[in-house]
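Q: structure of the sequence below:
(2 chains)
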2 protein chains.
Amino acid sequence: MAHDEFSLIRQWTSRSNGQEGDGLTVGIGDDAAVFSPTPETEVVACCDAMVETVHFLRETMKPADIGYKAVISNISDIAAMGGIARYALVSIAVSPSYTDEEYSQLYDGIYEACEQYGVRVIGGDTVSSPKSLHLAVTVLGEVEKGRAICRSQALPGQLVFVTGHVGSSAAGLHLLLAKKEPEEKWLPLAEAHQRPSAQIQAGRLLQASGACGALNDVSDGLASELWEIAEASDVTIHIDAECIPIREEVLAYARIASKEPLDWALYGGEDYQLVGTVSRDGLAALSQQFAELSIPFTVIGCVEGIGKSVLITRDGQQMTLNKAGFNHFVHVEEKKG
Amino acid sequence: MAHDEFSLIRQWTSRSNGQEGDGLTVGIGDDAAVFSPTPETEVVACCDAMVETVHFLRETMKPADIGYKAVISNISDIAAMGGIARYALVSIAVSPSYTDEEYSQLYDGIYEACEQYGVRVIGGDTVSSPKSLHLAVTVLGEVEKGRAICRSQALPGQLVFVTGHVGSSAAGLHLLLAKKEPEEKWLPLAEAHQRPSAQIQAGRLLQASGACGALNDVSDGLASELWEIAEASDVTIHIDAECIPIREEVLAYARIASKEPLDWALYGGEDYQLVGTVSRDGLAALSQQFAELSIPFTVIGCVEGIGKSVLITRDGQQMTLNKAGFNHFVHVEEKKG
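A: Residues are numbered from 1 along each chain as shown, chains lettered A, B, ... in the order given. Just a heads-up that it's a prediction; the model follows:
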């Protein structure tokens, strides 16, 4: 860091984003921010951290991607409650291994994600880190009073769905670790890893439908998320491997890389799609609404009964789905092999 | 970290603290927490990070102290807005250099601080860190609508005050770095550094009085906080060095250590007292209220006019107060010399 570090940090963090009249009374620059949600709403709050070499590598994520993804992973948690993301507090521990220019780009990524989702940065802390870059982002959102969708509300008889496609981010990570300059046809996989989307619109549809039971975002892989729902709701979930939506490019790249695409879908994580349960009565209307918005909405199984378990049928065989998801405690480097 | 790390983390973070009926709809354990402030209040949000070797050293802070202080520094920011702290989100990046037992103690410190101030832990993230321990805590609080005290509201003619004493934390740090086993008479200094208090009660008095102009908490040293107020309010602040409240023990220890206690008060930081401005009309009533609560309340100067400047009179000489506060980018080790 240069000696004029405080003015630099101020430069990085002094941008004013967001709209007037969004409920913010005191923004960035005081001891704390003050805002006023409407009386009809509840505040939704979440916090996700990202650490260099644990959650990302310099080789696979540009500084702007790191900032962007740190925000998206939090907005995705708000989406998984059926809420709207509104405010962000960003804590960054900067290490000497990045340049000032790279930190400026990292903040570009943070603000780009915030702008895209209507989120205003209202506070945070910028400190130094002796070695690795750390980001901890808190996002606050709103949801209609009493209408947040929890992971504990799955009911026997409901269907299990997932939005979009899964496994793309893990395929992208494999690609980025294997090839410095990926061919153009695989770039959508790299983008799925570096610039994921949060499913706020899908979450709002599900929340408004009143037909959604439980909901999670796919941050740690489909298997881990389904187990969380099964355990929190005390239900047995049964999914069909053949129904899991995987992009054509992922299937094609998996063949070339001699990898099992289903493993990426089940254990890869960071797809930030929504997985949950929906009543059979509500399915037709929801499917149509998702189709109108061109958001894939795929039924992959059902809730069979009580029991805190997840089963999968694969190649005609039914088995208990292995719980282990993407393990943030295993270094990504170790995953190369 | 042991292999059963997830169950350990769950054990550390699964405590339920706080009261029923405090507005929390969905607590820890889902994608996000949901809470409902009353319609008459605004939400106050802040975020502070602490990094090993930058903000604390293992030699001077026990794991429980680290957790405790990370929470207090945030509650102090809520106090400096005149609010009440309500909820916390805790993000921890754990490094292999601490044992599971030490992490358990760190969480003990977090929950101890939260219990003392009526704060409920509603979320967070526990990840690994390749080298140093990182904590980022977000605290959410409430303040009566339109009544948050900002640092930009100082007015010419107002008096400048500080609560409690300043310089104690810096004296404590000096002591802890100098002596492995401090004599008993200096232990209050060590405690000031390791277990500071947040001035929520003082902040509430000041907020209720309607007489308080600007307010900051002393996290980075009195000089830095006064400059922040002067710049945000566009005023010239003039303080008298002789009025700055410094504890007897600090003065005595400074003599032994051949240090200047005023430097600790002005540039030491982490005292978490409140410094601000108050109208002359409001002074008498406020002084009495503080006296009744046995909280020292000391006038140290006045707001002289406009101008974004801070002057100090010291030994009969008037000069511009050096702005530099405690610099978190300078390693504490380097400060030993």
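Q: got a list of what A:Leu293 touches?
A: A:Leu293 makes contact with A:Gln201, A:Leu205 under the criterion C-beta atoms under 8 Å, 6 or more residues apart in numbering or on different chains. All C-beta spots, glycine's among them, are computed from the backbone N, C-alpha and C.
Q: and it, how far from chain B?
A: The gap separating A:Leu293 from chain B is 21 Å, by C-beta to the nearest C-beta, to the nearest Å.
Q: with A:Ile75 instead?
A: From A:Ile75 across to chain B, the span is 10 Å (C-beta to the nearest C-beta).
Q: I figured that residue hits A:Ala113, correct?
A: Yes - counting by C-beta atoms under 8 Å, A:Ile75 touches A:Ala113, with 7.2 Å between them.
Q: which parts of stretch A:53-71 are buried?
A: Neighbour counts over stretch A:53-71 (16 or more other C-beta atoms under 10 Å in any protein chain shown) mark A:53-57, A:60-71 as buried.
Q: and those near chain B, which?
A: A:Thr53, A:Val54, A:His55 (C-beta under 8 Å from any C-beta of the partner chain).
Q: wait, what's in contact with the closest residue to the first one other than its chain neighbours?
A: For A:Thr53, the nearest residue in space outside its immediate sequence neighbours is B:Pro130; the separation is 5.2 Å by C-beta to C-beta, 6 or more residues apart in numbering or on different chains. Applying C-beta under 8 Å, 6+ apart, one finds that B:Pro130 lies in contact with A:Val51, A:Glu52, A:Thr53, A:Val54, A:Lys131, A:Ser132, A:His331, B:Ser95.
Q: dump the residue contacts of the last one.
A: Going back to what we said before, that points to B:Ser95. B:Glu52, B:Ser128, B:Ser129, B:Pro130, B:Lys131, B:Ser132, B:Leu133.
Q: let's see 7 Å
A: B:Ser129, B:Lys131, B:Ser132, B:Leu133 (C-beta atoms under 7 Å, 6 or more residues apart in numbering or on different chains).
Q: okay, now the spatially closest residue to A:Leu215 that is not a sequence neighbour: neighbour count?
A: Spatial nearest neighbour of A:Leu215, chain neighbours left out: A:Gly276 (3.8 Å); criterion: C-beta to C-beta, 6+ apart. By other C-beta atoms under 10 Å in any protein chain shown, 28 other residues sit near A:Gly276.
Q: likewise for A:Pro156?
A: Counted with other C-beta under 10 Å, A:Pro156 comes out at 16.
Q: so it touches A:Gly305, yeah?
A: Yes - assessed by C-beta atoms under 7 Å, A:Pro156 is found in contact with A:Gly305 at 4.9 Å.
Q: overlap in contacts, the two.
A: Applying C-beta under 7 Å, 6+ apart, one finds that A:Pro156 and A:Gly305 are jointly contacted by A:Val235.
Q: rewinding a little: cross the contacts of B:Pro130 against strands and list the overlap.
A: The strands, defined by DSSP state E, take in A:Val51 from the contacts of B:Pro130.
Q: tell me the least confident of the contacts of B:Pro130?
A: Checking pLDDT across the contacts of B:Pro130, the minimum falls on A:His331 at 35.
Q: re earlier: wait, which of the ones next to chain B among the buried residues of stretch A:53-71 is closest to B:Ser233?
A: Closest approach to B:Ser233 among those (C-beta to C-beta): A:His55, at 40.7 Å.
Q: now do the phi/psi pair for that closest one.
A: phi -100, psi -20 (degrees, to the nearest 10).
Q: again with A:Ala113
A: Dihedral pair for A:Ala113: phi -60, psi -40, per degrees, to the nearest 10.
Q: state the distance from it to B:Gln201.
A: 39 Å (C-beta to C-beta, to the nearest Å).
Q: and for A:Val127?
A: Distance from A:Val127 to B:Gln201, by C-beta to C-beta: 28 Å.
Q: got a list of what the spatially closest residue to A:Lys131 that is not a sequence neighbour touches?
A: Nearest residue to A:Lys131, sequence neighbours excluded (C-beta to C-beta, 6+ apart): B:Lys131, at 4.4 Å. Each residue near B:Lys131 by C-beta under 7 Å, 6+ apart is listed here: A:Pro130, A:Lys131, A:Ser132, B:Ser95.
Q: same check on A:Gly141?
A: Contacts of A:Gly141 (C-beta under 7 Å, 6+ apart): A:Val44, A:Ile78, A:Gly83, A:Ile84, A:Ala85, A:Arg86.
Q: before we move on, what about A:Lys308?
A: Counting by C-beta under 7 Å, 6+ apart, A:Lys308 has contacts A:Ala230, A:Glu231, A:Asp234.
Q: most neighbours among those, which one is it?
A: With neighbours taken as other C-beta under 10 Å, the top of the contacts of A:Lys308 is A:Ala230, carrying 26 neighbours.
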